[in-house]
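Colleague: structure for this input, please:
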Amino acid sequence: MKLLVYGAGVCGSRFSAHLHEAGLDVSLLARGERLASLRRRGVQLAEEDSPVVRRVPVPVVEHPDGGYDLTAVLVRTHQVDAVLESLAGLEGDVLFLLNWAAGVEPLGAAIGHERVLLGFPPALAGGTMDGDVVRYRATNFMTSRLPMPIGETDGRTTPRLERIVREFRTAGIKAKAEPRMDAWLRTHAAFEVPLGQVVHAAGGPVALADDPDAVRGMLRLIRQNLAAMPTPPVPRAFAALQSLPEGLLVALLRRFLRSPTAVRSGLSDTSPATPAELGRLAEQLRTHAKVR
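Modeller: Model (predicted):
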């Protein structure tokens, strides 16, 4: 499978580097200063504050020459509209590995419904940019067990979906076919938007944990989002956020926010793009709530 990774930020860089080292035929799309840096030094990776920088010579392209079997799109939610036009000019299937709660319609309308697959990036895609170096958080027991869900927009398990899952698993990524991928993405957004916005407003997960009233308000927003969904949450475990007593959930959320997992996660991301992405996701959730 010939693969193009669209998006040379943290997620796309780490993802393409992992696939390249696993022996897959992968190229990374980049432009401007990022393109020049990648051509000179390759994808540069370092673990958190480590001084050791590893370089991975992923092939990089500015203008795709076509012939790709699959384009994997790893950009921020609010950046999707800007890339759809260029995706329409490419051949092959397109897998959107990102936060998305707007359903398949705007994607399919731009590039063709038959080309679209939905998914969510693997745990190895996280980190921050330090100049041209991607600094990533070491995986822990929890994140190392998280699968990468991928699904057809109609829920079928097709030969192309099986082929993609198989290729990624061969590369050491725990991909799995998810028949309810659209509901999975909306459930994730219903939880992530209030959590991310309230953490950002509080100044970090630990600061939020110290404010039980803010955590309680956040939980109520999550519950409102889940109740507004047209389908039950996926995975089903998220239904517990609607059924368990509020006091118990507030206590559990405060404990989680103080944990090393939360402190070292994307919740501590200070990127200026994070509020823009959360805002776009919130807009998508509100739109679908009105449609319902």
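Colleague: SS state for the nearest residue to Ala239 once chain neighbours are set aside?
Modeller: Leaving aside its sequence neighbours, Ala239 sits nearest to Pro233 (C-beta to C-beta, 6 or more residues apart in numbering; 5.5 Å). Quick note: C-beta positions are derived from backbone N, CA and C, even for glycine. With DSSP: H, G, I helix; E, B strand; the rest coil as the basis, Pro233 sits in coil.
Colleague: next up, the contacts around Pro233.
Modeller: Ala183, Thr187, Ala190, Leu226, Ala239, Leu241, Gln242 (C-beta atoms under 8 Å, 6 or more residues apart in numbering).
Colleague: and if you look at Met148?
Modeller: Leu97, Gly119, Phe120, Pro121, Pro122, Phe168, Ile173, Lys174, Ala175, Lys176.
Colleague: would you format these as TSV with secondary structure and pLDDT included?
Modeller: Converted to TSV, those look like this (DSSP: H, G, I helix; E, B strand; the rest coil; pLDDT from 0 to 100):
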residue	secondary structure	pLDDT
Leu97	strand	97
Gly119	strand	98
Phe120	coil	96
Pro121	coil	91
Pro122	coil	81
Phe168	helix	96
Ile173	coil	93
Lys174	coil	93
Ala175	strand	96
Lys176	strand	96
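Colleague: most neighbours among those residues, which one?
Modeller: Counting neighbours by other C-beta atoms under 10 Å, Gly119 comes out on top of these with 28 neighbours.
Colleague: isn't that one right up against Val94?
Modeller: No - using C-beta atoms under 8 Å, Gly119 makes no contact with Val94, being 10.7 Å away.
Colleague: enumerate the positions of the host helix or strand of Leu208 that are buried.
Modeller: According to DSSP states H and E, Leu208 maps onto helix 205-209. Across helix 205-209, burial judged by 16 or more other C-beta atoms under 10 Å covers Pro205, Val206, Leu208, Ala209.
Colleague: what packs against the very next helix or strand once past that helix?
Modeller: Going down the chain from helix 205-209, the next helix or strand is helix 212-227, by DSSP H and E. In terms of contacts (3 or more C-beta pairs under 8 Å, 6 or more residues apart in numbering; DSSP states H and E), helix 212-227 is packed against helix 181-202, helix 205-209, helix 240-243, helix 246-258.
Colleague: contacts for helix 212-227?
Modeller: Against helix 212-227 from outside (C-beta under 8 Å, 6+ apart): 187, 189-191, 193-195, 198, 202, 208-209, 233, 238-239, 241-242, 246, 249-250, 253-254, 257, 285, 289.
Colleague: for the protein, give me the ranges with low pLDDT.
Modeller: For the chain, the stretches flagged by pLDDT under 70 are 124-125, 139-144, 290-292.
Colleague: from Pro245, how far off is the spatially most central residue of it?
Modeller: Geometric centre of the chain, nearest residue: Leu98, 3.7 Å, by C-alpha atoms, centre = their mean. Applying C-beta to C-beta, to the nearest Å, the value for Leu98 to Pro245 is 34 Å.
Colleague: can you give me the helices in the chain?
Modeller: 10-21, 32-41, 80-88, 105-111, 141-144, 159-170, 181-202, 205-209, 212-227, 240-243, 246-258, 260-263, 273-291 (DSSP state H).
Colleague: in TSV, list the ones you listed along with distance to Gly67.
Modeller: What follows is the helices of the chain, written out as TSV (distance: least, C-beta to C-beta, whole Å):
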stretch	distance to Gly67
helix 10-21	17
helix 32-41	20
helix 80-88	15
helix 105-111	17
helix 141-144	34
helix 159-170	16
helix 181-202	26
helix 205-209	44
helix 212-227	41
helix 240-243	45
helix 246-258	45
helix 260-263	41
helix 273-291	31
